[in-house]
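>>> just need the structure, nothing else, for what follows:
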Amino acid sequence: MATFGTLSDRLTETFRGLRTKGKLTPADVDGTVREIRRALLEADVALVVVKEFTAKVRERALGDEVNRALNPAQQVVQIVNEELVGILGGEQRRLQFAKNPPTVIMLAGLQGSGKTTFAGKLAKLLEKEGHTPLLVAADLQRPNAVTQLTVVAERAGATIFAPEPGNGVGDPVTVARDGVEFAKRQQHDVVIVDTAGRLGVDAELMTQAADIRAAISPDEVLFVIDAMIGQDAVTTARAFQEGVDFTGVVLSKLDGDARGGAALSVASITGRPIIYASNGEGLEDLEVFHPDRMASRILDLGDILTLIEQAQQAFDEAEALKVAEKLAKEQFTLEDFLEQMQQLKKMGSMKKMLGMLPGMGQMKQQLENFDEREIDRTEAIIRSMTPGERRNPKVLNGSRRLRIARGSGMTVTDVNQLVNRFEQAAKMMKTVARGGVPAIPGMGPVPGAHGGGKRGKQQKARGSRSGNPAKRAAENAGITSEPAAPTGSGFGLGGGNAAPSEADLADLQKMLGRS
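Modelled structure (predicted):
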């Protein structure tokens, strides 16, 4: 979600200054609203939307709901979050399917907005949901548009209807109408019609799009808009709404690095919901748009629900149960570790997944430096081992590690680090699988965690046995050399020292496959 990165940074910085205040004065609220207004305008959000948004935030921030709040700063963040959800459309809406198939979906938008690629992404997504989509090549003006859609359809594994070669040859209205009839005969339950775009809004474009709509009577008209085109997004959306009208919006290129705030304005200005968001070039890089989740990402509050959904799609429940049993019996091996990594790769980019965690906006530099190929290197090392070595890493002596390093194209140090990381990860996972709370490396013991065992109690009862008199006296007085538990949460968000609740531990065990 690089498009909203600058906006996210500015808003997060604004709220950081509020957290030091126990009570907010009208001057504090005005200063915060002023910074929010500046951040939205710099992100290219439409002026009319900015005025309405900041007015609502100011009114609510000066109201009783903040004055009576135990933590006024958090209450203001909550208000901004709710109002941001509002300008993004409020509630999430999915595609409306026809009662009598096929469901006809018409795509509209400017040239270069990503309509053809989105057609393939949508076809792939609908196939996963059990539909049988048909792509109709009705863009007969743009050079090689039919060829591009043919390639995209092949990659998506979808059927295409392309009777005309395009490049200025053929009637798009006739192709669209015949495509719907073809879908009825071949029993395709969804028809996706890719129409022509232009470099700018013109009368010819609107007339052609209106004629296609009249000919096929689509159930959905999706307006595909480039999230990086700035204020033109609002102008184009209004022109299409007046000339053709559309039922939903698709945001493309959300992974770009432009300001992109104008995309936030489309739903508010047109009154049409954003249904999908495209955030990559791969055919899998398409998400159902959730206004509340997008608002949370912009405010650096994370998007755990989307992360869980992606994990549920990628991980097999039966395999997860097997892994949980192996962990409980201390039989987790490097082979199991390799299988888990391969399933993790199915979820997509690690950077995107890590970016969905709360507070990761403060670790932007670390995310940028994260090497996606690290999993491939780890896989190469494990595959260079024999089956016996994978099952029992303790047999890895110096000569074996040298052989593995040469076979994988890595160094012995890389092999040693992998084995050490595996042993630490396996130890942590075993602790969780048994119902305990692991000590996370580099963070000290988890406060309030049980499981210190009898050993710790016995040591405390009999006192220190250190040969150093000064050290023995200090330890017997209750001063240990162990590092103190860190304050704040794991991501430096100031979450306090609270231990995980029983419900949290139960959810964690459930995710690992244990009832």
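>>> surely F223 is in a strand?
Yes - assessed by DSSP: H, G, I helix; E, B strand; the rest coil, F223 belongs to a strand.
>>> confidence score at it?
Predicted confidence (pLDDT) for F223: 90.
>>> now do the same contact list for the closest residue to it other than its chain neighbours.
Setting aside the residues directly before and after it, F223 is nearest to F246 in space (CB to CB, 6 or more residues apart in numbering), at 4.1 Å. Any C-beta I mention is one placed from the backbone N, CA and C, and that applies to glycine too. With contact set as CB atoms under 8 Å, 6 or more residues apart in numbering, F246 has these partners: 108, 221-223, 240, 272.
>>> tell me the one of those residues nearest S408?
S408 lies nearest to L222 out of those, by CB to CB, at 46.2 Å.
>>> distance of the closest one from I79?
Per CB to CB, to the nearest Å, L222 is found 32 Å from I79.
>>> equivalent analysis for V266, please.
23 Å.
>>> more crowded one of L222 and I79?
Comparing L222 with I79 by other CB atoms under 10 Å, the one with more neighbours is L222, at 25 against 19.
>>> can you pull the contacts of that one?
Neighbouring residues of L222 by CB under 8 Å, 6+ apart: 105-108, 118, 246-250, 275-276.
>>> which of those are buried, as a ChimeraX select command?
With 16 or more other CB atoms under 10 Å as the criterion, this ChimeraX line picks the buried residues out of the contacts of L222:
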select :105,106,107,108,118,246,247,248,249,250,275,276
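>>> of all the contacts of L222, which two lie farthest apart?
Taking CB to CB as the measure, these span a maximum distance of 15.2 Å, between F118 and T247.
>>> export the strand or helix carrying A237 as PDB, just CAs?
Assessed by DSSP states H and E, A237 sits inside helix 232-243. The C-alpha coordinates for helix 232-243 follow below in PDB (Å, rounded to 0.1, in the frame of the first residue of the first chain):
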ATOM      1  CA  ASP A 232      -7.800  13.900 -12.500                       C
ATOM      2  CA  ALA A 233      -9.300  10.900 -10.700                       C
ATOM      3  CA  VAL A 234     -12.100  13.000  -9.400                       C
ATOM      4  CA  THR A 235     -12.700  14.800 -12.800                       C
ATOM      5  CA  THR A 236     -12.700  11.500 -14.700                       C
ATOM      6  CA  ALA A 237     -15.000   9.700 -12.200                       C
ATOM      7  CA  ARG A 238     -17.500  12.600 -12.500                       C
ATOM      8  CA  ALA A 239     -17.400  12.500 -16.300                       C
ATOM      9  CA  PHE A 240     -18.000   8.700 -16.500                       C
ATOM     10  CA  GLN A 241     -20.800   8.900 -13.900                       C
ATOM     11  CA  GLU A 242     -22.600  11.600 -16.000                       C
ATOM     12  CA  GLY A 243     -21.900   9.900 -19.400                       C
END
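>>> show me what it is packed up against.
Counting contacts by 3 or more CB pairs under 8 Å, 6 or more residues apart in numbering; DSSP states H and E, helix 232-243 is packed against helix 203-216, strand 220-226, helix 263-270.
>>> tilt between the helix or strand that that helix is followed by and helix 232-243?
Note on helix 232-243: by DSSP H and E, the next helix or strand toward the C-terminus is strand 248-252. Computed by axes from the mean of the first three to the mean of the last three CA atoms, to 10 degrees, the angle separating strand 248-252 from helix 232-243 equals 150 degrees.
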